[in-house]
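Student: this one's structure only:
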């Protein structure tokens, strides 16, 4: 998203912003997944969709609430779907 210049709340981010904020300031608030069929770990594919982003204020300052949807599959019929809500606690100004 950052490399390709996504619009919205992440549009001002540079790749340096992304790397600096990749893990420590990202809090997973909710993670849900549903495995319809078992997958083989040696050969699977996946995709993540940005569903929504909302800027808000938290107790310790500004943050972004990020909603995503994801799905994974393999060549043998394995399937999984999920949703993740995360908070980025140190968004770039």
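Tutor: Yes, it's here. Given the structure is predicted, the values throughout are model-derived calculations rather than measurements.
Student: and residue 46, how far is that from residue 78?
Tutor: Distance, residue 46 to residue 78, using Cβ to Cβ, to the nearest Å: 11 Å. C-beta: built from backbone N, CA, C; applies to glycine.
Student: do residue 50 as well
Tutor: Taking Cβ to Cβ, one finds residue 50 at 24 Å from residue 78.
Student: between those two, point out the one with more neighbours.
Tutor: residue 78 (18 against 14; other Cβ atoms under 10 Å).
Student: secondary structure element holding residue 18?
Tutor: Here residue 18 sits within helix 15-20, counting by DSSP states H and E.
Student: and that helix, what's buried?
Tutor: Buried residues in helix 15-20, counting neighbours by 16 or more other Cβ atoms under 10 Å, are absent.
Student: check the offset of it from the chain's centre.
Tutor: Distance of helix 15-20 from its chain centroid, counting by Cα atoms, centre = their mean, to the nearest Å, is 15 Å.
Student: immediately after it, which helix or strand?
Tutor: Downstream of helix 15-20 (by DSSP H and E), the next one is strand 26-37.
Student: and residue 13, how many neighbours does it have?
Tutor: For residue 13, the number of neighbouring residues by other Cβ under 10 Å comes to 19.
Student: so the nearest residue to it once chain neighbours are set aside, which state does it fall into?
Tutor: Closest residue to residue 13 apart from its sequence neighbours, by Cβ to Cβ, 6 or more residues apart in numbering: residue 2 at 5.0 Å. State at residue 2, reduced to three classes by DSSP: H, G, I helix; E, B strand; the rest coil: coil.
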